[in-house]
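Q: Would you be able to build a 3D model of this:
(2 chains)
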Amino acid sequence: MKLKLVAAIVGASLALSAQAVTEIQWWHSMTAVNGEWVNDLAKNFNASQSDYKIIPTYKGKYDESMTAAVAAFRSGNAPHILQVFEVGTATMMASKGAIVPVGKVMKDAGQKFDPKAYVPAVAGYYTAPSGEMLSMPFNSSTTVFYYNKDAFKAAGMDPNKAPTSWPEVALAAAQLKTNGHKCPLTIAWQGWTQLESFSAWHNVEFATKSNGLGGLDARMKVNSPLHVRHIDNLSNMAKQGLFVYKGRANTPEATFISGECAMITTSAGFYGNVRKNAKFAYAVSTLPYYPDVPGAPQNTVIGGASLWVMSGKKAEEYKGVAKFFTYISSPEVQAASHQRTGYLPITMAAFQLTEKSGFYKKYPGSDVAVNQMIRKVTDKSRGIRLGNYVQIRTIEDEELEGVWAGKKTAKEALDNIVTRGNELLARFEKANKR
Amino acid sequence: MEKRVYFRSKWLPWVLMAPQVVIIALFFFWPAAQALLQSVQQSDAFGTSVEWVGLDNFRNLWNDETYLASFYTTAVFSGLVAVIGIAVSLALAVYADRVVKGAMAYKTLLIWPYAVAPAVAGVLWLFLFAPSVGVVAYWLNAVGIEWNHLLNSTHAMALVVMAAVWKQISYNFLFFLAGLQSIPKSLIEAAAIDGARPWRRFWSIVFPLLSPTTFFLLVINIVYAFFDTFAIIDAATQGGPGKDTAILVYKVYFDGFKAMDMGGSAAQSVVLMVIVIALTVVQFRFVEKKVNY
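A: Sure, this is the predicted structure:
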């Protein structure tokens, strides 16, 4: 057995060196179970043909790999494919000289490419106002709500009835608290889940110009009465110990896995981690909303990342990139990826294939994210794409922390986000006007 | 009498100086010049388009309230790091100097933290004080202190100061120990014979004689707190809660390396450069006068 394996490896490497294999560098930011997924995609693609070899490299968190790519691009060593998070999308789109639109890559390589095959809410986000698709949707996620069924049962609640509205969440939190639970609710990605997705979910503007998709002159709108009401509500919950702040980005996720916090709003991409590591019964549900708001629930916004093709490479290499893209978006591969990670299916075919296979029936809740996204979108809910978004997210974190600490009112914090955010938007508009 | 060497040849002194000059030019002047250049430019993330914007980047900083607030945060942070770092390591050095048995092991242990990378130091302290899993946070809770650096600014500042001080203590300790060992024993013995108690001996003899070392360390520690602590901040608090531990250099790092606003980040480093030059000049002009060599 061992001997056979060695022989196979030797044989394979001989075969590889015999003919010129075009190597394609792919920089990504996927760790743990998602990192294994990325490596498997590359491995399977490499095994499926012999002309190209995809080499996936983990380059740190999303912001770190992007910085690494910028530095590499400036010194002429950029990778072929770069995974960029949604927050960096506007920056990538504005950097026209550094990227090649994915539509062009596919066309030049003669690969069949139909943007209409992609889930509209996903594809629309990565499409320029001109209608050209600029990057390849890859791991798209959205915001969902997870809760600990065992904790619900222990607090005397029906574990199969998820709280779907904010008043119900507050009630459930109070019930958990009375039964001695120290952290009934926590929130990961607070800006993304409580301001950005919250806006789309209630069909209110997060920013003007269709949340930035319509142009660089978009400005923030997060201090509307509804936003103030919601943050005020969360602030009251924080004061009563019903909502416990556990940090920025996805840091709070660990407190759900450990069982410390009973409810959490975070990315749908957290599903794979929960399925593997949670030692309790759990369920996924839709993001809570306010039932008295007309038009709610609408749909939640897209997050996650897409694959960008960097400029300045050889035509032969682009051909390999195009082949790889065709491979990962084929219905079978795409459906398997979706089922494995909890990220959204990016093509309609993959969604239908998964549905037909009975996956959603077998794992209740795994279709929550999909159903939240596959809806008819409005101008207010298509997605959020703003310049200097990394800094705007940080501003959201900073100001919301002021609210949770009881130093600022909801109105003050949201007004600050608008003022500070608008300055950054104006600056981005000025720098990228040409 | 001053000793001087004269070179016959005109170029030999330059050749001998060259390696040093090259290193300084390459690692100090060139980057500084780059920062100056970039601070008057605005470019997109990938540097494909560069535009001259004059003093716009500086104007943006001036109009940013949070940037101005960060001066205060930096002053508090640097002051605490320098004073606590120097005081603690002086105390440790004085006691280490007295140890007879196992002095080597004791000293080695104190020097150890210097080998730890700043980011690792930040994470280490973060683990100890993490509200849900940290050992120290657990003890603090047990004695009735509800530790939460995620939302409590004082706690957050205490955390980063502790990590930064801990990281720098070894360096200070080494210099103080060397300083102490160069103080002639006879002076201390004479004072002891005159009836001066240990406390008196320390303040009247040891401390003044150590003043060149203390002064040097003051300069070094301030520079350290200003420049070398961003990794600790990034790992432990990311500048939060709000902006309460976002010191100037952390914002330089964040804007430049995370948000990729090269112009804004360069402008901030120029401001920082000016501050540190000014501080160093002040220290040499005024504090040095009080130092006995």
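Q: CA only for contacts and neighbour counts going forward, please
A: Fine.
Q: Write out the residues of the stretch 51-200 of chain B neighbouring chain A.
A: By the criterion of C-alpha under 8 Å from any C-alpha of the partner chain, the positions of the stretch 51-200 of chain B lying close to chain A are B:L150, B:L151, B:N152.
Q: Make JSON lines out of these and add pLDDT and neighbour count.
A: Conversion of these to JSON lines gives the following (pLDDT from 0 to 100; neighbours: other C-alpha atoms under 10 Å in any protein chain shown):
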{"residue": "B:L150", "pLDDT": "91", "neighbour count": "22"}
{"residue": "B:L151", "pLDDT": "92", "neighbour count": "23"}
{"residue": "B:N152", "pLDDT": "93", "neighbour count": "18"}
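Q: residues of the helix or strand A:N44 falls within that come out buried?
A: Secondary structure assignment for A:N44, by DSSP states H and E: helix A:32-48. For helix A:32-48, the buried set under the neighbour-count rule, 16 or more other C-alpha atoms under 10 Å in any protein chain shown, comprises A:N34, A:W37, A:V38, A:N39, A:L41, A:A42, A:F45, A:N46.
Q: tell me which parts of the stretch 151-300 of chain A are close to chain B?
A: With the criterion set to C-alpha under 8 Å from any C-alpha, the stretch 151-300 of chain A comes near chain B through A:Y245, A:K246, A:G247.
Q: what about the closest residue to the second one other than its chain neighbours, distance to B:V21?
A: Taking C-alpha to C-alpha, 6 or more residues apart in numbering or on different chains as the measure, A:K246 lies nearest to A:P252, with 5.0 Å between them; neighbours along the chain are not counted. Using C-alpha to C-alpha, to the nearest Å, we find A:P252 at a distance of 50 Å from B:V21.
Q: what about those two, which has more around it?
A: Neighbours around A:P252 and B:V21, counted as other C-alpha atoms under 10 Å in any protein chain shown, are more numerous at A:P252. The numbers are 21 against 13.
Q: was I right about the more buried one contacting A:S258?
A: No: in this structure, A:P252 is not within contact of A:S258 by C-alpha atoms under 8 Å, at 10.3 Å.
Q: hmm, back to that, JSON lines for the buried residues of helix A:32-48, including distance to chain B and pLDDT?
A: What follows is the buried residues of helix A:32-48, written out as JSON lines (distance: C-alpha to the nearest C-alpha, whole Å; pLDDT from 0 to 100):
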{"residue": "A:N34", "distance to chain B": "23", "pLDDT": "88"}
{"residue": "A:W37", "distance to chain B": "26", "pLDDT": "94"}
{"residue": "A:V38", "distance to chain B": "24", "pLDDT": "95"}
{"residue": "A:N39", "distance to chain B": "26", "pLDDT": "96"}
{"residue": "A:L41", "distance to chain B": "28", "pLDDT": "96"}
{"residue": "A:A42", "distance to chain B": "27", "pLDDT": "96"}
{"residue": "A:F45", "distance to chain B": "30", "pLDDT": "96"}
{"residue": "A:N46", "distance to chain B": "30", "pLDDT": "96"}
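Q: Tell me which residues touch A:W189, please.
A: Contacts of A:W189 were listed using C-alpha atoms under 8 Å, 6 or more residues apart in numbering or on different chains, and they are A:R248, A:A249, A:N250, A:T266.
Q: Inside strands: which ones of these?
A: Per DSSP state E, strands hold the following members of the contacts of A:W189: A:T266.
Q: could you measure A:S29 against A:Y389, distance?
A: To A:Y389, A:S29 is 18 Å away according to C-alpha to C-alpha.
Q: now swap in B:A130 and tell me
A: Look at B:A130 and A:Y389: by C-alpha to C-alpha, they are 28 Å apart.
Q: where does B:V100 land in three-state SS?
A: coil (DSSP: H, G, I helix; E, B strand; the rest coil).
Q: nearest spatial neighbour of the residue of the stretch 1-150 of chain B found nearest chain A, skipping sequence neighbours?
A: Distances from the stretch 1-150 of chain B to chain A, computed as C-alpha to the nearest C-alpha, single out B:F46 as the nearest residue at 5.4 Å. Taking C-alpha to C-alpha, 6+ apart as the measure, B:F46 lies nearest to A:V70, with 5.4 Å between them; neighbours along the chain are not counted.
Q: Could you pull up the residues touching that neighbour?
A: If you count contacts by C-alpha under 8 Å, 6+ apart, A:V70 has them with A:A78, B:A45, B:F46.
Q: What strand or helix carries the first one?
A: This means A:A78. Taking DSSP H and E as the definition, A:A78 sits outside all helices and strands.
Q: three-state assignment of the nearest residue to A:K53 once chain neighbours are set aside?
A: Excluding the flanking residues, the one nearest A:K53 by C-alpha to C-alpha, 6+ apart is A:E23, at 4.8 Å. For A:E23, the secondary-structure state derived from three-state DSSP is strand.
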